[in-house]
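Chemist: Predicted model and sequence below, questions to follow.
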Amino acid sequence: MKKEDLRIVFLGTPEFAVESLSRIVGEGYNVVGVVTMPDKIAGRGHKLIQSPVKDYALAHGLHLMQPERLKAPEFVEELRGLRANLFVVIAFRMLPEVVWSMPELGTFNLHASLLPRYRGAAPINRAVMNGDTETGVTTFFLKQAIDTGDVLRQERIDIGSDEDAGSVHDRLMMLGADVTLDTIAHIVAGDLTPVPQDKLLQGEEPSAAPKIFKDTCRIDWTRTAAELHNHVRGLSPHPAAWTLLSAPGADPVELQVFATRLTDEHTTLPAGTLLPDTRRMAAATADGRVLELLSVRAAGRKRMAAADFLRGARLPEGSRLY
């Protein structure tokens, strides 16, 4: 097939997907339709929020669809009427077979992990939370079971020991756009050889990256310093790790933690106990190592350096995190 004959429908929602959509349009591909989530009400003002993909589609005059139900007959017929050869999916909902089986060249997805590792909703967060030293992006043809289709292209990056999920997200967003364009080009050329994920396992089991909830984000001070450091950076800047701060004679305060530093210091204080240090905010961990908190936010306040929070809070000796 010639490039000019290719008709693409793009399905995606967040900022992560916009970079790829922008690059597809910029390369001159014919994007005949964009599908994104319906607008939602959010925030204290209950404002109607539209997705970043919708913002881009409207700004560039692309045909936009926001179905409530992906199996709705009217949506399926509208989609079929676009006569697309290829569907590209990035950070969208699970598609029914009536949708993903529609285009003659197939439907491929860009996933922010090295499949079959981290199948699921939160691959970037989970990779950093688990202390992985590398991750990447994968394109694969969709089939019914989520994130299990045959792999088309894959690229890797290293994860820095102090890098947070936000930084990894941004780098994978750019790399993902490159891999998306590369995948489309090879589909047009007809020279791809999809690889079943079973062949990539190398004796390992597929791993999951389940959705993250508030309870997932709570800091468990019975873990080692390294595990806590990974937990914090894997959830930063969003949705953010959190803990409760208890000071003698005061009610507990919820504290979000955005950055920490592993130190070479050790202490015999119980895990979660804050060191009696007025210059910095540092806590004992389960393996006796001291973890310094660098950036925090108390409920109802702005994010700040932990040392500044400590100076303002004037915490008495015996204060702890739990």
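Modeler: Thanks, I have it. Numbers count the residues shown, from 1 in each chain.

Chemist: quick check: mean pLDDT across stretch 287-305?
Modeler: The pLDDT scores in stretch 287-305 average 96.

Chemist: gap between the two ends of that stretch?
Modeler: 25 Å (CA to CA, to the nearest Å).

Chemist: just stretch 277-286 next, same as before
Modeler: 19 Å.

Chemist: quick one: buried residues of it?
Modeler: 280-286 (16 or more other CB atoms under 10 Å). For every residue, glycine as well, the C-beta is placed using N, CA and C.

Chemist: which residues does Glu204 contact?
Modeler: Arg117 (CB atoms under 8 Å, 6 or more residues apart in numbering).

Chemist: if we go to 7 Å?
Modeler: Residues counted as contacts of Glu204 (CB atoms under 7 Å, 6 or more residues apart in numbering): none.

Chemist: SS state for it?
Modeler: The local conformation at Glu204, judged by DSSP: H, G, I helix; E, B strand; the rest coil, is coil.

Chemist: quick one, helices of the stretch 51-200 of the chain?
Modeler: Taking DSSP state H, counting those that start in this stretch, the helices of the stretch 51-200 of the chain run over residues 52-59, 73-81, 97-100, 123-129, 165-189.

Chemist: can you give me the strands in the stretch 151-300 of the chain?
Modeler: 151-158, 241-246, 253-266, 281-284, 289-298 (DSSP state E, counting those that start in this stretch).

Chemist: next one: the third one to chain centre, how far?
Modeler: Right, the one you point to is strand 253-266. From the chain centre to the centre of strand 253-266 is a distance of 22 Å (CA atoms, centre = their mean, to the nearest Å).

Chemist: Would you mind listing the outside residues contacting it?
Modeler: Against strand 253-266 from outside (CB under 7 Å, 6+ apart): 219, 225-226, 228-229, 232, 236-237, 240-245, 288-299, 303.

Chemist: swap in the shortest one?
Modeler: Where contact means CB under 7 Å, 6+ apart, the residues beyond strand 281-284 that reach it are 267, 269-275, 290-293, 306-307, 309-310, 321.

Chemist: And those, which of them are buried?
Modeler: 267, 269, 271-275, 290-293, 306-307, 309-310, 321.

Chemist: Check those residues and tell me the two furthest apart.
Modeler: Ala271 and Ala307 (21.5 Å; CB to CB).

Chemist: pLDDT-wise, which helix or strand of the chain ranks last?
Modeler: None of the helices or strands of the chain scores lower by mean pLDDT, DSSP states H and E than strand 40-42, at a mean of 86.

Chemist: Would you list the strands that it pairs with, along with their directions?
Modeler: Within its sheet, strand 40-42 is paired with strand 47-49 (antiparallel), according to DSSP bridges.

Chemist: Can you list the neighbours in contact with the strand it pairs with?
Modeler: With contact meaning CB under 7 Å, 6+ apart, strand 47-49 is reached by 39-42.

Chemist: re earlier: single out the most deeply packed of the strands of the stretch 151-300 of the chain.
Modeler: Counting by mean count of other CB atoms under 10 Å, strand 281-284 has the highest mean neighbour count of the strands of the stretch 151-300 of the chain, with a mean of 26.

Chemist: what is the mean pLDDT for that strand?
Modeler: Here the average pLDDT along strand 281-284 is 98.

Chemist: Offset the numbering so it begins at 44, please.
Modeler: All right, first residue 44 from here; so that's strand 324-327.

Chemist: So which of the buried ones among the contacts of strand 324-327 sit within helices?
Modeler: 349-350, 352-353 (DSSP state H).

Chemist: How about the contacts made by the closest residue to Met108 other than its chain neighbours?
Modeler: Closest residue to Met108 apart from its sequence neighbours, by CB to CB, 6 or more residues apart in numbering: Val78 at 4.8 Å. Residues in contact with Val78, defined by CB under 7 Å, 6+ apart, are 52, 54, 108.
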